[in-house]
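[1] coordinates only, no sequence provided:
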């Protein structure tokens, strides 16, 4: 069964958020950490996974990504804090 992920990543200071969707969360965050993706995430040093959700249907994942992207910074902050109040880097826990 295929899985899809929406995720929120941030920089070391936790002050810039990036929301994305992928079918391979470990690979995608690794790409951010290695700065292999030019653009926003590279420019703002986005390399810390702080939130993610898992979906079985890509359309559901994309709809959720759009919902999160359309929300305010405050809503994103509350969403992250509801699951990860100390902004732990979740990449370490998914790669174990």
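    Yes, it's here. Note that the structure is a prediction, hence the values are computed from the model and not measured.
[2] give me every residue that touches residue 20.
    Residue 20 is in contact with 6-7, 9, 28, 65, counting by C-beta atoms under 8 Å, 6 or more residues apart in numbering. All C-beta atoms are positioned from the backbone trio N, CA, C, and that covers glycine.
[3] no, scratch that, I was asking about residue 77
    The contact partners of residue 77, taken as C-beta under 8 Å, 6+ apart, are residue 17.
[4] helix, strand or coil: sort out it for me.
    Secondary structure, DSSP: H, G, I helix; E, B strand; the rest coil: residue 77 is helix.
[5] how much space between it and residue 69?
    As defined by C-beta to C-beta, to the nearest Å, residue 77 lies at a distance of 14 Å from residue 69.
[6] same thing with residue 42?
    19 Å.
[7] quick one: stretch 62-69 to chain centroid distance?
    Its chain's C-alpha centre and that of stretch 62-69 lie 12 Å apart, by C-alpha atoms, centre = their mean, to the nearest Å.
[8] which parts of stretch 76-90 are buried?
    Residues of stretch 76-90 classed as buried by neighbour count (16 or more other C-beta atoms under 10 Å): 76, 79-80, 84, 87, 89-90.
[9] ok, stretch 50-57 next?
    By 16+ other C-beta under 10 Å, the buried positions in stretch 50-57 come out as 50-53, 55.
[10] and what of stretch 17-34?
    Neighbour-count burial for stretch 17-34 [16+ other C-beta under 10 Å]: 17-22, 25, 28-29, 31-33.
[11] tell me where the chain has strands.
    Ranges of strands in the chain, per DSSP state E, are 4-10, 17-22, 48-55.
[12] the last one pairs with which strands, and in what direction?
    Translated: strand 48-55. Using DSSP bridges, the strands paired with strand 48-55 are strand 4-10 (antiparallel).
[13] can you tell me which helix in this protein is longest?
    If you go by DSSP state H, the chain has its longest helix at helix 58-70.
[14] so which elements touch that one?
    Applying 3 or more C-beta pairs under 8 Å, 6 or more residues apart in numbering; DSSP states H and E, we find helix 58-70 packed against strand 4-10, strand 17-22, strand 48-55, helix 73-83.
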